[in-house]
Each structure stands twice: as structure tokens, then as C-alpha cells.
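Asks: got a predicted model here, sequence first, then my questions.
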Amino acid sequence: MLAGLTWLLVYQCIGEILVRWTGLAVPGPVVGMVLLFATLMLGKGASEALQASASGLLSHLSLLFVPAGVGVMLHFHRVASEWLPIAVALIVSTVLTLAATALTMRWLLARQERRETAQEGS
Amino acid sequence: MPQPLQPLADIWVYLAATPLLGLTLTLLAYQAGYWLYTKSGMNPLLNPVLLAVAALVLLLLATNTSYPTYFEGAQFVHFLLGPAVVALAVPLHRQLPDIRRLFVPIAGGLLVGSLTAVMSALALAWALGASKVTLLSLVPKSVTAPIAMGIAEKIGGIPALTAVLVVATGIVGAALGKFVFDALGIRDYRVRGFALGIAAHGIGTARAFQVDAEAGAFSGLAFGLHGALAAFMFPAIYLAIRHFL
């Protein structure tokens, strides 16, 4: 567990340093995630310690954004004065996103499966 | 002469000044929220984050405690967001065989879904007169919260507002997904899970896992990939169009 957490922090540090150094407009931890993913692809995959730390952190992922969420108390006036655009954007955009993603993926899956059966047939 | 008992208000003032209270209250509020959520049969409207945030805000307002005072303690939980984002690489790597086999459908769904999420939200909120800061905070609403808050910070939104918008989006997506898929006649659990992960990140994924294990796996894949893509794509889009905003 400890070794796994240490590796996660080391990758996060490298990510933060790269972002500061290159001026990239990307959150440092995401760069760390991409680097860790690349390392796992090159090596033999995640060690047991890393797997334990990762699943420990990710199983309580939603707990981790409670402190930031409480910060909304500093922005009540904004939410109150702009509730209509916010509510419409959230609901309508989410329905559109669900539909667009599902339709695109269904179409591409069907296309790929048609091609695979055509190849098996020839 | 015996020491007089400390008045309760003094004890509160003492506790509120130490990090212990903010940290303890955060964990208690979340666990109470989670307990209610499971008791309700995982009703998406009783999302544990929403319940915990509401309870904590009410408590802080009732006791006249400032957010910075609370955050003294809560920062220890908040800090773990960074390593948690890095940790997303581990489940993503485990799904590499799926990504290779279904590369075109996954990449296509990801790109179309991600662009639909950001463009439709911006267009609707802009048309209804939202302010610029609100628009920028809305951009990453479908991305998992830790990454979304990072994006909001990079492009000039308010990370705390984004966190709340992200949770609200997740709840809307988890609640409405079934109706949208049924209306469109989408029965493939891989597709239903993937779309939930794109539109409603971790909250959609939790919902997908309740329905079907394969739907859950594809949903987790979708929200991990969406986070990684959005972190690179959204700030780049913003830099390209910021002069028109």
C-alpha cells in the first residue's frame, strides 16, 4: 500500500514539474496519469502494491471532492442569479451527450461487426 | 476550588480552529450520506456527495464557521485528488485489450460524446445569458470531478462551482440514462455503459455497475478516457477561441 502510494505521488510530482516547466495547459496529475499508463504498457503491468493503492483511492473517489463541493457556499449568489441557464445546460446537454455517444458507438460497433463477418465469410 | 466547566461555545471555538474538526466532519458527513444512499436502494437523487455537501454547508452556516476554517482540515481529503487521478491509469491499463479490439467504436464514441457535452452546454448556457465565469466553469461538467476542477482552474473557471456542476451532471445522467437509451432502442450494455461514463463520469459508472458488470467496465473505461482527452483538448480549444468569448 505504502509503496503504491509513493509511486502515485512520484508520478504526480513528475507531472506537476513537466506542466510548470513546459507551460502546458493541462492539470499536472493528468500528465502523471498518462506517464504511469505509458510505464505500465512498457513494463509487465501494475504491481500488487500499486493495484492495492489505486483501488483503495478509487473506491472512495467521490469522498475526495466533498471539500471542494462545500466551496459552493462561497458562490451561492452566482448559482442563485444564474440558475436557469445552469439547469437547462446541465439537463439538456446531458441528454444530448448520452444520445450522441450511444448512437455513434452503436453505429461504429455494427460497422465493425459487419466487416469482421465479411472477412470470415471470404 | 474545582475548575469551572468550559462553556460549550468555547469548546466549539477551540475545535473549529484545529484541522481535526474539518477532517472528521467531512468523513462523518460522507459516511452518513453513503449510508442513506445504500438504504434507499442507491437512488441517484440521494447521491452521497450531494448529501454530504448539503449537510456540511448547512452546518457551517448554522455555526457561523468560515469555509477557509473548514478547509484547514478538509484539505487532507482534498489533497488525495491528485494521486487518485494518477491512479486512474491502473484500471485503464487493465482494459487495454478492450481498447485495442474495439478501437474505432471507442474512439468515435469518445470524441463525439465529449464534443457534444461541451458544445451543447456552452451554447445553451450562453443563449440563456450565463456569465463568462459560469460558462468557463461549465465546460468540463461531464468530466470526472478531480480532472474537471483542474481544467476549470486552467481556463479561468471556478473549481468549486465546477465540482458542484460535475456532481449535478452525474446525478442527472445517472437518473435519465435509462429513459434516453430505451427511447432510442439501445440495448447493448457495452454502449449503454460507455455513454453513461462519457456523460456522467464516476456517478454514471456507479449506476452502470448496478445494472450490469460489462456496462460498468465500459463506463469506467469511458470516464477514464474522457478525463484524459478533456484535460488536453479543452484547454487547447479554450486557447484557440478565447478571443471570441
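Replies: Received, thanks.

Asks: list the contacts of stretch A:44-63.
Replies: Residues from elsewhere that reach stretch A:44-63 (Cβ atoms under 8 Å, 6 or more residues apart in numbering or on different chains): A:1-5, A:7-8, A:40, A:64, B:26-27, B:30, B:48-49, B:52, B:77, B:80, B:83-84, B:87-91, B:93-94, B:144-146, B:202-203, B:206. The way it works is simple: take the backbone N, C-alpha and C, and place the C-beta from them, glycine included.

Asks: 7 Å instead?
Replies: For stretch A:44-63, contacts defined as Cβ atoms under 7 Å, 6 or more residues apart in numbering or on different chains pick out A:1, A:3-5, A:7-8, A:40, B:30, B:48-49, B:77, B:80, B:83-84, B:87, B:90, B:93, B:202.

Asks: same check, this time on stretch B:98-118
Replies: Contacts with stretch B:98-118, where a contact means Cβ under 7 Å, 6+ apart, come from A:93, A:96-97, A:100-101, A:104-105, A:108-109, A:112, B:139, B:142, B:194-195, B:198-199, B:221-222, B:225-226, B:229-230, B:234.

Asks: separate out the buried members of those residues.
Replies: A:93, A:96-97, A:100-101, A:104-105, A:108-109, B:139, B:142, B:194-195, B:198-199, B:221-222, B:225-226, B:229-230, B:234 (16 or more other Cβ atoms under 10 Å in any protein chain shown).

Asks: buried subset of the contacts of stretch A:44-63, written for PyMOL?
Replies: Typed into PyMOL, the line below selects the buried ones among these, using 16+ other Cβ under 10 Å:
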select buried, (chain A and resi 4+5+7+8+40) or (chain B and resi 30+48+49+77+80+83+84+87+90+93+202)
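
Asks: element containing B:Val133, please.
Replies: According to DSSP states H and E, B:Val133 maps onto helix B:132-138.

Asks: ok, back up a step: in helices only, show me the buried ones among the contacts of stretch B:98-118.
Replies: Using DSSP state H, A:93, A:96-97, A:100-101, A:104-105, A:108-109, B:194-195, B:198-199, B:221-222, B:225-226, B:229-230, B:234 are the members of those that sit in helices.

Asks: grab the most central residue of chain B for me.
Replies: Taking Cα atoms, centre = their mean, the centroid of chain B lies closest to B:Ala145, which sits 3.4 Å from it.

Asks: number of residues surrounding the residue nearest to that residue when sequence neighbours are not counted?
Replies: Closest residue to B:Ala145 apart from its sequence neighbours, by Cβ to Cβ, 6 or more residues apart in numbering or on different chains: A:Phe65 at 4.1 Å. By other Cβ atoms under 10 Å in any protein chain shown, the residues close to A:Phe65 number 30.

Asks: list the contacts of A:Phe65.
Replies: When contacts are counted by Cβ under 7 Å, 6+ apart, A:Phe65 touches B:49, B:81, B:145-146, B:163.

Asks: again, only this time at 10 Å
Replies: By Cβ atoms under 10 Å, 6 or more residues apart in numbering or on different chains, the contact list for A:Phe65 reads A:71, B:49, B:52-53, B:77-78, B:81, B:84, B:144-146, B:148-149, B:159-160, B:162-164, B:166-167, B:202.

Asks: low-confidence ranges in the chain?
Replies: Unless you meant another one, I'm taking chain A. Across chain A, residues meeting the criterion (pLDDT under 70) sit at A:121-122.

Asks: let me rephrase: I mean chain B.
Replies: By pLDDT under 70, the low-scoring segments of chain B are B:1-4, B:245.

Asks: how close does A:Met105 get to chain B?
Replies: Distance of A:Met105 to chain B, given as Cβ to the nearest Cβ, to the nearest Å: 4 Å.

Asks: just checking, that residue touches B:Leu196?
Replies: No - in this structure A:Met105 lies outside contact range of B:Leu196 using Cβ atoms under 10 Å: 11.6 Å.

Asks: overlap in contacts, the two.
Replies: Common neighbours of A:Met105 and B:Leu196 (criterion: Cβ under 10 Å, 6+ apart): B:218, B:222.

Asks: list the contacts for the nearest residue to A:Pro27 once chain neighbours are set aside?
Replies: Spatial nearest neighbour of A:Pro27, chain neighbours left out: B:Gly150 (2.8 Å); criterion: Cβ to Cβ, 6+ apart. Applying Cβ under 10 Å, 6+ apart, we find B:Gly150 in contact with A:19, A:26-30, B:81-82, B:85, B:140, B:143, B:159, B:162, B:227, B:230-231, B:235.

Asks: can you give me the helices for chain B?
Replies: Applying DSSP H to chain B gives helices spanning B:8-16, B:19-39, B:48-62, B:67-79, B:81-87, B:89-94, B:96-101, B:103-127, B:132-138, B:145-155, B:159-184, B:189-211, B:213-241.

Asks: what's the angle between the second one and helix B:8-16?
Replies: Spelled out, that is helix B:19-39. Our comparison of helix B:19-39 with helix B:8-16, counting by axes from the mean of the first three to the mean of the last three Cα atoms, to 10 degrees, yields an angle of 90 degrees.
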